[in-house]
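> Sequence plus the predicted model coming up.
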Amino acid sequence: MGRMNTTNAHTVVWPTFTYADARGAIRFLVDTLGFVEKAVYGEGDRVDHAELAWPGGGAIMLGSKRPDSVIGDLPAGVGSVYIVIDNPDELYERVVAAGATIAQGLRDEDYGSRGFTCRDPEGVFWNFGTYPGA
């Protein structure tokens, strides 16, 4: 398979999520996990579209669960994301201090990674580790 050419130097893969409480999810992802809010569109409690960047590169999109959405049939909180991070110990301490649900505590893996897994308030698994991929 050939390499895909792109002129876009920005994120080209966007994990996307729906949340029953999208504004609450944004607060958790920004305040606890360390994402950076880039764009949030919607009124009141509804989020039509949001973009959150990871400081080391990459980003996600999310929005409120809505019946008119193409992905509206997905249950809120479904998903798992792995994020490469240089210092998982520091983030782990912040996540624990915030009272987040820890699904897998901080540990060293046999394949050379160090990391942990937590869940956001609606159940999405957020995996953080030092393994950058093969």
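That came in fine, so what should we check first? Keep in mind that what you see is a predicted model, and the values were worked out from it rather than measured.

> Next, the buried residues of stretch 51-60.
Glu51, Leu52, Ala53, Trp54, Gly58, Ala59, Ile60 (16 or more other Cβ atoms under 10 Å). All C-beta spots, glycine's among them, are computed from the backbone N, C-alpha and C.

> now the strands for this structure?
Using DSSP state E, the strands of the chain run over 16-19, 36-41, 49-53, 59-64, 80-84, 101-108, 114-119, 125-129.

> what's the longest helix along the chain packed up against?
The longest helix of the chain (DSSP state H) is helix 88-97. Packed against helix 88-97, as judged by 3 or more Cβ pairs under 8 Å, 6 or more residues apart in numbering; DSSP states H and E, are the following elements: strand 101-108, strand 114-119, strand 125-129.

> and the longest one, what does it pack onto?
Translated: strand 101-108. Packing partners of strand 101-108 (3+ Cβ pairs under 8 Å, 6+ apart): helix 88-97, strand 114-119.

> 10 Å instead?
Where contact means 3 or more Cβ pairs under 10 Å, 6 or more residues apart in numbering; DSSP states H and E, strand 101-108 is packed against helix 88-97, strand 114-119, strand 125-129.

> Kindly report the same for the shortest one.
Counting contacts by 3+ Cβ pairs under 10 Å, 6+ apart, strand 125-129 packs against strand 80-84, helix 88-97, strand 101-108, strand 114-119.

> That strand pairs with which strands?
Using DSSP bridges, strand 125-129 pairs in its sheet with strand 80-84 (parallel), strand 114-119 (antiparallel).

> go on, the longest one?
According to DSSP bridges, strand 101-108 forms sheet pairs with strand 114-119 (antiparallel).

> From the chain's centroid, how far away is the strand it pairs with?
12 Å (Cα atoms, centre = their mean, to the nearest Å).

> Quick check: Gly99 vs Lys65, distance?
24 Å (Cβ to Cβ, to the nearest Å).

> Which one of these two is surrounded by more residues?
Neighbours of Gly99 and Lys65, each counted by other Cβ atoms under 10 Å, are more numerous for Lys65; the result is 21 against 8.

> Just list the residues touching Val36, thanks.
Leu29, Val30, Glu51, Leu52, Ala53, Trp54, Pro55, Ala59 (Cβ atoms under 10 Å, 6 or more residues apart in numbering).
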